[in-house]
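*Asks:* Need a 3D model of the following:
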Amino acid sequence: MNRVKFRCGYIILSILLGTHGVGIAQEKSSKMSEEARAGQRMQNKLYPQMQLPFSYNYNQKIGNDNASQQSQFALQPIIPVSLGSNLQLLLNPMLTFNRNIHYPQAVNQFQPVQLATFFAPKFAGDWYAGIGPYYQAPASSAVNGSRQTGVGFSAGAFYTPDNWVVGVAMYNSWGVGSDLSGGSASILNAQPTVSYTTNDGWTFNLSSQINYDYRARNTTNQLTLSAGQTVKILGMHWQYQIGPTYMVSAIPSSSKGWGAYLNVSTSIAD
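*Replies:* Predicted structure coming up:
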């Protein structure tokens, strides 16, 4: 009888503690505003919603003589495609335009179109992960980048408890073709990120852009520290991020030192 009483008491205590734990979780979740939730999601490259991030990067001291400057504009939307109740395909096309200035000359550079894809399960928890094929179109000329076709895979994983996004997105490309006049398409690119979003919608982010060239055997690594806010305008959430960049690892042809970063993103549906 005592054993039965003990078991009943244990079950009741467990239920009470479990209920109390749920209450704490709900209270914790409710502290984040609608804008904060939207801002956190826009930091997650694998969140299943349409996202339209547009970024501007200012880079300086480019080239062997450190005499060039660059304004880089990039549009990298996230497009989810449902493949059933438990699977989705995330499309991430990357369109990049550079305005390179070597005084007094200026050169427009349309970099090769890239497409990263992620087959990802529809997680209900804090983890998001996916993997899929990667493709890079050959550049129209050697001035615009590699004349090779790039094929490979893209992958990513993000942990997203309340307020936080911690993870990495990457792609690995192998160059196909013998035309190396614009460089090689055999590259490994990784973008680790850590971001924190306050309960009222301010987001602080530290990220890195690591690029390894297999043929040249060199690496660049640019850090970005940014901050900004998420607001709701005309029924849509908008987030801006602004801050400095710093090239930790440089090569002769890359930028050096400090730069600047600006990003404006919107989510079509939450």
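*Asks:* The residue positioned nearest the centre of the chain and Tyr212: what is the separation?
*Replies:* Centroid-nearest residue in the chain: Lys45, 5.0 Å away (criterion: C-alpha atoms, centre = their mean). According to C-beta to C-beta, to the nearest Å, Lys45 and Tyr212 sit 20 Å apart. Any C-beta I mention is one placed from the backbone N, CA and C, and that applies to glycine too.
*Asks:* check contacts around the residue nearest to the centre of the chain.
*Replies:* By C-beta atoms under 8 Å, 6 or more residues apart in numbering, the residues touching Lys45 are 78, 90, 92, 156, 158, 169.
*Asks:* ok, and the third one, which helix or strand is that part of?
*Replies:* For Asn92, the element it lies in under DSSP states H and E is strand 87-102.
*Asks:* what mean pLDDT does that strand have?
*Replies:* Mean per-residue pLDDT for strand 87-102: 96.
*Asks:* quick one: the strands in this protein?
*Replies:* Assigned by DSSP state E, the chain shows strands spanning 51-62, 68-75, 79-82, 87-102, 105-110, 114-121, 127-136, 149-159, 164-176, 187-197, 202-213, 218-233, 236-249, 257-267.
*Asks:* can you count the residues close to Tyr128?
*Replies:* By the measure other C-beta atoms under 10 Å, the count of residues near Tyr128 is 23.
*Asks:* Kindly apply the preceding question to Gln241 instead.
*Replies:* Gln241 has 26 neighbouring residues, counting by other C-beta under 10 Å.
*Asks:* So what pairs up with it in the strands?
*Replies:* Assessed by DSSP bridges, Gln241 has beta-bridge partners Asn263.
*Asks:* ok, now Val194?
*Replies:* Val166, Leu206.
*Asks:* what stretches of the stretch 101-250 of the chain score poorly on pLDDT?
*Replies:* Scanning the stretch 101-250 of the chain with the threshold set as pLDDT under 70 gives 124.
*Asks:* is it true that Arg215 touches Gly182?
*Replies:* No - using C-beta atoms under 8 Å, Arg215 is not in contact with Gly182, being 12.0 Å away.
*Asks:* of these two, who's got more company?
*Replies:* The neighbour count for Arg215 versus Gly182, taken as other C-beta under 10 Å, is higher for Gly182 (18 against 14).
*Asks:* who's in contact with the more buried one?
*Replies:* Contacts of Gly182 (C-beta under 8 Å, 6+ apart): 139, 141-147.
*Asks:* Restrict these to the buried ones and give me that as a PyMOL selection.
*Replies:* Restricted to buried positions by 16 or more other C-beta atoms under 10 Å, the PyMOL selection for these reads:
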select buried, resi 139+144+145+146+147
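*Asks:* which one of the contacts of Gly182 is nearest Thr245?
*Replies:* Using C-beta to C-beta, Gly145 comes nearest to Thr245 of the contacts of Gly182, at 20.6 Å.
*Asks:* How much space separates the closest one from Pro93?
*Replies:* 16 Å.
*Asks:* on that earlier part again, distance to Asn98 added to the contacts of Lys45, as CSV?
*Replies:* Formatted as CSV, the contacts of Lys45 follow (distance: C-beta to C-beta, whole Å):
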residue, distance to Asn98
Ile78, 22
Leu90, 26
Asn92, 20
Gly156, 25
Phe158, 28
Ala169, 21
